[in-house]
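*Asks:* Dropping a prediction and its sequence here:
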Amino acid sequence: MRGLLLNTALVIDDKRGIEIFRVLQQCPELAVVGVADLAADFSWLTEAERKSFFIAGDVDKVILLPGLNVVVNTAADPFTDGQRQQMLNGGIELVNAPPHGFTAALLRFKEQLLESRRLKGEFWAVLSSVQDAIEVVDSGGVVKYVNPAFTRVTGIPENKRVHRNIFEVSPQGALAQSLIQQKPVTGYRTRVGGSDVEVISNASPIIVDGEITGAVVVFQPVSDILKLMDQLKHSNTIIENLYAQIDQIAGSHWNFDDMVGKSKIFRATVELARKAARSDAPILLSGENGTGKNAFAHAIHNCSSRKRRPMILFDCSTLPESLQELALFGCEKGALPGVLHTRLGRVELANEGTLFIKEVNSLKAYLQEKLLLMLQERQFKRIGGDEPIPVDARFIVSANGAIKTEVLKGYFSEKLYRHLSLVEIALPPLRKRLEDLPVLVQEMLTRLNRKLNKRIAEVSPRALQEMAEYDWPGNLSELKNAMERSLAVADGSVIEYHHLAPYIGKNGARQSPQFEEIMPLDKIEQMMLKLALARYGESLEGKKKAAQALNISLATLYNKLKKYNDL
């Protein structure tokens, strides 16, 4: 057989039809599979021809031949409307002969059929490669096609499903409902008829020329969807960890040399942290909110022997209590609903590095005990796990100033507090280191100018005086916020008091006896000297500019620097 043969049937009623039959037999493009002789005279056929194709005395049986492509008619309109519709529905081409060039018409039809079959082949190949299960029925509900994924998902072989009626095998399914309702059915959760598999289905009618000729359903097992949801949750956990690590990388430049401030209390705090960084002992960073505990934690890690390993952040205050244990210690596969993969906790992610637990006093009581046990035994178990996992991490924790009160009241484990506070570093609030205010302001001014694309040169003396009299309950964080807002609204080169007033108004001034509300002159002088040197630098040229800005001579500047021990 060469190429594609057109399976052809012939309808004749006289000698002329017999002649056309002989012509068709000689055409290599055609395969005669049936003849309907309306005269019921088959004497013209040889014995071999009688055995090689189907013969009948009427049209009905011939047009039902399987695989029939074309019917050549030489009789005088022998077809009823029903027979014509039947051929149309079956994709059978009707060619009335003998028109001039009817053989050429047959060949043109062959080319169309070739293209149609090619496209159909590509279409079925696509359906066969799709990973979702697909089932197709005709308008009467008879299953015409299932793809390989259908068998993989349901376990039902193709030969056990095709030619079955959907209203019998799966009357409650999305496919049957789509045919009944004559509209799409989406997100339909049910079990596949003939299988125990629970699926989520989307079905839709097939409409051709405005008529419903069938329907198609695409579905996935609920188990696969749950797996995808779990993978998404797992991915979200990874993303959260990556964000945490990005935050850590963003802060990883912090080291003790970057710490801004020359006050005795601050330099003593830095020196204590520098010494503590050399050991692996747990460190408790205590202090009010905004005092720089995050920066100190990074600086300690970056000066430790673990600096080449990750520092993992676990912020207790940002996680609901129900997720704290999962996030900290991880979970074995299947130990909790929807957990289909083993999840690593922050403790494991910090292996050989540093785990920074922020606001440790926000941990629930039972997690405090579990954390204490882990620190004592240097091992832990994931949720649902049986095997202990060794712990090799440096622990830095932070807590607000109320943690000692919480210990006394029994809200926080005293044993855990003692274990975590082998080295306790209390970070001073900004109001205790106001002499650092000028250099802090200048450093923030430099960074915020870059961030906001501004060119603010200085903070006015009045504004600095008001800042020195403010209590700063939010400490460095509040100072940065006030500076950033002031820069955003300042339209000149100087931040004046009225730029800052909305953020550090008198309502926030320190409540103290009246005689303490006025700052000593030498304190103000010292602050102005620091601000001038921070702005212009400590080179000879910088000191000349500083002296000029302060309206004093260079010699007077040197005398004052000596008076204040070179600041």
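*Replies:* Sure, I can see it. Numbering: from 1, shown residues only.

*Asks:* Now do the strands in the stretch 101-250 of the chain.
*Replies:* Secondary structure of the stretch 101-250 of the chain (DSSP state E, counting those that start in this stretch): strands located at 133-138, 143-146, 185-191, 198-208, 211-221.

*Asks:* The stretch 351-500 of the chain too?
*Replies:* 354-358, 379-380, 389-390, 394-399, 423-426, 458-459, 494-495.

*Asks:* correct me, but Gln376 touches Arg418?
*Replies:* No - contact criterion C-beta atoms under 8 Å: Gln376 and Arg418 do not qualify, at 11.3 Å. Bear in mind the C-beta positions are built from the backbone N, C-alpha and C, glycine included.

*Asks:* Out of the strands of the stretch 101-250 of the chain, which one sits most buried?
*Replies:* Neighbour counts (mean count of other C-beta atoms under 10 Å) averaged over each of those peak at strand 133-138, with a mean of 22.

*Asks:* and that strand with strand 211-221, angle?
*Replies:* Between strand 133-138 and strand 211-221, the angle comes out at 160 degrees (axes from the mean of the first three to the mean of the last three C-alpha atoms, to 10 degrees).

*Asks:* Output stretch 163-175 as PDB, nothing but the C-alphas.
*Replies:* What follows is stretch 163-175, C-alpha atoms only, in PDB (Å, rounded to 0.1, in the frame of the first residue of the first chain):
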ATOM      1  CA  HIS A 163     -17.100   2.600  24.400                       C
ATOM      2  CA  ARG A 164     -18.600   2.600  27.900                       C
ATOM      3  CA  ASN A 165     -21.300   5.100  28.600                       C
ATOM      4  CA  ILE A 166     -20.300   7.800  31.100                       C
ATOM      5  CA  PHE A 167     -23.900   7.900  32.600                       C
ATOM      6  CA  GLU A 168     -23.400   4.300  33.600                       C
ATOM      7  CA  VAL A 169     -19.800   4.200  34.800                       C
ATOM      8  CA  SER A 170     -19.600   7.700  36.400                       C
ATOM      9  CA  PRO A 171     -23.000   9.400  36.500                       C
ATOM     10  CA  GLN A 172     -22.000  11.800  39.300                       C
ATOM     11  CA  GLY A 173     -18.700  12.900  37.600                       C
ATOM     12  CA  ALA A 174     -18.000  16.300  36.100                       C
ATOM     13  CA  LEU A 175     -18.200  14.900  32.500                       C
END
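
*Asks:* circling back: between the strands of the stretch 101-250 of the chain, which one is nearest to Ala48?
*Replies:* strand 143-146 (36.7 Å; C-beta to C-beta).

*Asks:* elements contacting that closest one?
*Replies:* The contact analysis (3 or more C-beta pairs under 8 Å, 6 or more residues apart in numbering; DSSP states H and E) places strand 143-146 against strand 133-138.

*Asks:* Other residues contacting the strand it packs on?
*Replies:* With C-beta atoms under 8 Å, 6 or more residues apart in numbering as the test, strand 133-138 has contacts from 127, 143-147, 149-150, 152-154, 161, 166, 175, 179, 199, 206, 213-220.

*Asks:* Name the residues of stretch 456-468 that come out as buried.
*Replies:* Within stretch 456-468, the residues scored as buried using 16 or more other C-beta atoms under 10 Å are Ile456, Glu458, Val459, Ala463, Leu464, Glu466, Met467, Ala468.
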